[in-house]
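Q: How does the following fold in three dimensions:
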Amino acid sequence: MADLQDLPYVAPATAGAPDGTTGGVTAAEAPTPAETDLARARILLAAQLVVDGHNTLAQELDRTHHHALQHGEAALDTDIPRIRAGGVGAQFWSLHVPRSYAADRLIGGTLDLIDAVRTLIESCPEALRLALTAAEMAAARDCGRIASLLGPVSGAALGDSLGTLRAYHALGVRSAGVAGARWAAGPDGLTPFGQDVVREMNHLGVLVDLSGASTDTMRHVLDVTKAPVILSHSAAYALTPHPANVTDDVLRRLRANGGVCMVSFAPDQVARLREAPATLRDVVDHLEHVREVAGPECLGLAGSYGMATHAPHTIGLEDASCYPNLIAELLHRDWPETDIAALTWGNAARVVREAEAVARGA
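A: Numbers count the residues shown, from 1 in each chain. Now for the predicted structure:
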């Protein structure tokens, strides 16, 4: 029987139509949070900032001046002012190279992205700070900087070399995917070498990212890993059958593993109806489903910002300043503040900390 995530996917309608509407729904029809919920959301975010599991801006850095990112970049859906306005205190910088890259360019392209992100961080010391540990994440947040974690790199960019993985780690990478790697595409998921890769990630303290992998590969990784995993940008397959989303049986295993599913805001991953564009309420539906199946300790957020402003976006979550809208909707649905605090910062920081503990042999 074919893996559900290997079946053809028919995308639902998404926001961002060329005529300036959002797939037939105008901006005026976007969900508007109540002022009381929005004010309370901002207070909560001021006390407990967001860890964003998947920022894709690295691919745009060769076309974007650092000054524009510091002071406002209208052509993109994220920049430092909007990250701050959204209450983001830490983010993972996705280091996935463009799909057009040939296999022999994957490693070089990934190194270029690492260099570009590190150069941006060094050029914006009042806003960004490289974080290699959970303690450094908290320290950056506490002094008003946005903690910057490098990764995930793509599984394909690891090649067939543990030395490449170790080199990425030495450069600061703290998350790596398995999707797209030859050693994660066998009939049973991981090959024997793939199992060695997962064990080496555990040894180094590099988070294993399952987003985009087949369900069989996810199960096999969960059999092997000693550390919690992440899904850097996935939503619930049961609600939206997108190949990057995660099935309920894997979510149930995530609870036992202690990992975190960072629910994506990407419209094609969260839209519930093909005839309607995705809205932030769809994202909250996915969050509630993951919370029900995996538990509140296994939830995180993945804005997937870093695209052009005119690209498709989920209504109500059009740019990196929109996290308060999402938190307001959670409050409207009577989420306890403890679950919201775990969702925004607590769970992601815990996974980084526990991966470090496994690496130390604790």
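
Q: Helices along the stretch 251-362 of the chain, start to end?
A: 267-270, 280-294, 323-332, 337-341, 347-360 (DSSP state H, counting those that start in this stretch).

Q: Measure how buried the residue nearest to Leu61 when sequence neighbours are not counted is and give me the count.
A: Spatial nearest neighbour of Leu61, chain neighbours left out: Ala116 (4.2 Å); criterion: CB to CB, 6 or more residues apart in numbering. To be clear about C-beta, it is placed using only N, CA and C from the backbone, and glycine gets the same treatment. Look at Ala116: counted by other CB atoms under 10 Å, it has 19 neighbours.

Q: what stretches of this protein score poorly on pLDDT?
A: For the chain, the stretches flagged by pLDDT under 70 are 1-31, 99, 362.

Q: which residues sit against the longest helix along it?
A: Ranked by residue count and defined by DSSP state H, the top helix of the chain is helix 106-123. Contacts with helix 106-123, where a contact means CB atoms under 8 Å, 6 or more residues apart in numbering, come from 58-59, 61-62, 66, 69, 93, 95, 97-98, 101, 128-130, 148, 150, 153-154, 156-157, 159, 164, 168, 171-173.

Q: For that helix, what is the distance to the chain centroid?
A: Centroid separation for helix 106-123 versus its chain: 18 Å, with CA atoms, centre = their mean, to the nearest Å.

Q: Quick one: list the elements packing against whatever helix or strand comes next after it.
A: Going down the chain from helix 106-123, the next helix or strand is strand 128-130, by DSSP states H and E. Other helices and strands packing on strand 128-130, by 3 or more CB pairs under 8 Å, 6 or more residues apart in numbering; DSSP states H and E, are helix 106-123, helix 134-142, strand 146-150.

Q: Pipe these into TSV and attach distance to His203 per row.
A: Supplementary listing: the helices and strands packed on strand 128-130 in TSV, determined by distance: least, CB to CB, whole Å:
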stretch	distance to His203
helix 106-123	21
helix 134-142	18
strand 146-150	18
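
Q: Between the ones you listed, which one is closest to Leu273.
A: With CB to CB, the closest approach to Leu273 among those belongs to strand 146-150: 34.6 Å.

Q: relative to helix 106-123, how tilted is whichever helix or strand comes after that closest one?
A: Going down the chain from strand 146-150, the next helix or strand is helix 162-170, by DSSP H and E. Relative orientation of helix 162-170 and helix 106-123, computed by axes from the mean of the first three to the mean of the last three CA atoms, to 10 degrees: 10 degrees.

Q: Quick check: buried residues in helix 162-170?
A: 162, 164-165, 168-169 (16 or more other CB atoms under 10 Å).

Q: Could you export these as TSV, including distance to Glu288?
A: Shown next, in TSV, are the buried residues of helix 162-170 (distance: CB to CB, whole Å):
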residue	distance to Glu288
Leu162	40
Thr164	39
Leu165	36
Tyr168	35
His169	35
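
Q: State the distance from the closest residue in space to Arg166 that isn't next to it in sequence to Ala176.
A: Counting by CB to CB, 6+ apart, Arg166 lies nearest to Leu204, which is 6.9 Å off, once chain neighbours are set aside. Here Leu204 is placed at a distance of 9 Å from Ala176 (CB to CB, to the nearest Å).

Q: Counting neighbours, what do you get for the closest residue to His286 other than its chain neighbours?
A: Among residues not flanking His286 along the chain, Ala235 sits closest, at 4.3 Å (CB to CB, 6+ apart). The local packing of Ala235 (other CB under 10 Å) involves 31 other residues.

Q: got a list of what Gly53 touches?
A: By CB under 8 Å, 6+ apart, the contact set of Gly53 is 91-92, 230, 232-233, 260, 262, 300-302, 348.

Q: Among the residues you listed, name the ones in strands.
A: 91-92, 230, 232-233, 260, 262, 300-302 (DSSP state E).

Q: Neighbour count for the residues you listed - can I get that in TSV?
A: Formatted as TSV, these follow (neighbours: other CB atoms under 10 Å):
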residue	neighbour count
Gln91	28
Phe92	29
Ile230	31
Ser232	29
His233	30
Val260	31
Met262	30
Gly300	30
Leu301	28
Ala302	29
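
Q: Please identify which pair of those residues lies farthest apart.
A: Maximum pairwise distance among these (CB to CB): 14.4 Å, between Gln91 and Val260.

Q: which SS class is Gly144?
A: Under DSSP: H, G, I helix; E, B strand; the rest coil, Gly144 falls in the coil class.

Q: Relative to Ala294, how far out is it?
A: Taking CB to CB, one finds Gly144 at 33 Å from Ala294.

Q: For these two, indicate the residue with more neighbours.
A: Higher neighbour count among Gly144 and Ala294: Ala294, with 24 against 11, using other CB under 10 Å.

Q: Number of residues surrounding the closest residue in space to that one that isn't next to it in sequence?
A: Leaving aside its chain neighbours, Ala294 sits nearest to Leu251 (4.2 Å; criterion: CB to CB, 6+ apart). When counting by other CB under 10 Å, one arrives at 25 neighbours for Leu251.

Q: how long is stretch 77-89 end to end?
A: 17 Å (CA to CA, to the nearest Å).

Q: check contacts around the nearest residue to Gly194 once chain neighbours are set aside.
A: Leaving aside its sequence neighbours, Gly194 sits nearest to Trp183 (CB to CB, 6+ apart; 3.6 Å). By CB under 8 Å, 6+ apart, Trp183 lies in contact with 155, 160, 190-191, 193-194, 197.

Q: can you rerun that using 7 Å?
A: For Trp183, the residues meeting the contact criterion (CB atoms under 7 Å, 6 or more residues apart in numbering) are 160, 190-191, 193-194, 197.
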